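Asker: prediction below, plus the sequence it came from.
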Amino acid sequence: GAGVSQTPSNKVTEKGKYVELRCDPISGHTALYWYRQSLGQGPEFLIYFQGTGAADDSGLPNDRFFAVRPEGSVSTLKIQRTERGDSAVYLCASSLAGVSGELFFGEGSRLTVL
Amino acid sequence: GQQVMQIPQYQHVQEGEDFTTYCNSSTTLSNIQWYKQRPGGHPVFLIQLVKSGEVKKQKRLTFQFGEAKKNSSLHITATQTTDVGTYFCAGVSLYGQNFVFGPGTRLSVLP
């Protein structure tokens, strides 16, 4: 596609539920990043994929968070047993050249946990 | 771990005034990038700096990378209302694989 696509754009869920957020990067971009952004804050790194593998998952806050990218393109961020503190905008970005190139961000998925 | 700070947190200027935001990293960086995020939007790439002491200009925007590669600045000359938004720096540490974003500087421009 023309840009990074993220779905859903908005997700409201109840505490304790399971959530999946999807990211479709720019075609040909091997690097994919997940960030989350709370109101008034900068993007907080979660995980970085190079191809199919997670090159750096040091930003995942705990084992409730997991991400996959099975075919090296689309990625899914999975959050189990959601908590109110998980509420944020989850941003996905792709890059042609990893940390040497610019990040192209999607519009984000706004998650609200009630 | 690596920390990136930015000052000021907020800046209100009259249209036509200059604006500067400063970015400081706790560790030496391999490169630094700047992004702009409009209200309700997503971060959009502005520039990347790689070399020590590097200065780059984009029309009214001037970006600098410090000699020690631990700090950077963005200066906007003669601000316009279209400059409104939050400006983030994002640094990559020497052996890092991800971008660490600063908290951003939110710019308001009064017409």
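Answerer: Happy to help now that I have it. Numbers count the residues shown, from 1 in each chain, chains lettered A, B, ... in the order given.
Asker: what helix or strand is residue A:40 on?
Answerer: Assigned by DSSP states H and E, residue A:40 falls within no helix or strand.
Asker: that one and chain B: what is the separation?
Answerer: Applying CB to the nearest CB, to the nearest Å, the value for residue A:40 to chain B is 8 Å. Backbone N, C-alpha and C define where each C-beta goes, glycine included.
Asker: after the host helix or strand of residue B:64, next one along is what?
Answerer: Per DSSP H and E: residue B:64 is located in strand B:61-65. The element immediately downstream of strand B:61-65 (helix or strand, assigned by DSSP H and E) is strand B:71-76.
Asker: which residues in chain A form helices?
Answerer: Counting by DSSP state H, one finds no helices in chain A.
Asker: spell out which parts of it neighbour chain B.
Answerer: A:33, A:35, A:41-45, A:48, A:55-56, A:58-59, A:91, A:93, A:98-108 (CB under 8 Å from any CB of the partner chain).
Asker: residue A:10 and residue A:107 touch, don't they?
Answerer: No. Applying CB atoms under 8 Å as the test, residue A:10 and residue A:107 come out as separate, 10.5 Å apart.
Asker: those two: who's more crowded?
Answerer: Per other CB atoms under 10 Å in any protein chain shown, whichever of residue A:10 and residue A:107 has more neighbours is residue A:107, with 17 against 11.
Asker: tell me the contacts of that one?
Answerer: A:6, A:9, B:41, B:42 (CB atoms under 8 Å, 6 or more residues apart in numbering or on different chains).
Asker: report the separation between the second one and residue A:24.
Answerer: In this structure, residue A:9 and residue A:24 are 13 Å apart, going by CB to CB, to the nearest Å.
Asker: more neighbours: these two, which one.
Answerer: For the pair residue A:9 and residue A:24, the greater number of neighbours falls to residue A:24 (18 against 12), based on other CB under 10 Å.
Asker: how near is the more buried one to chain B?
Answerer: Taking CB to the nearest CB, one finds residue A:24 at 15 Å from chain B.
Asker: low-confidence regions, chain A specifically.
Answerer: A:1 (pLDDT under 70).
Asker: surely residue B:80 meets residue B:15?
Answerer: Yes. Residue B:80 is within contact range of residue B:15, at 6.3 Å (criterion: CB under 8 Å).
Asker: identify the contacts common to those two.
Answerer: With CB under 8 Å, 6+ apart, residue B:80 and residue B:15 have common neighbours residue B:109.
Asker: ok, the closest residue to residue A:75 other than its chain neighbours - how many residues close by?
Answerer: In this structure, residue A:75 finds its nearest non-sequential neighbour in residue A:69, 4.1 Å apart by CB to CB, 6 or more residues apart in numbering or on different chains. Using other CB under 10 Å, the number of residues around residue A:69 comes to 20.
Asker: equivalent analysis for residue A:76, please.
Answerer: Using other CB under 10 Å: residue A:76 sits among 14 other residues.
Asker: same question, residue B:33
Answerer: 25.
Asker: what helix or strand is it on?
Answerer: Assigned by DSSP H and E, residue B:33 falls in strand B:29-37.
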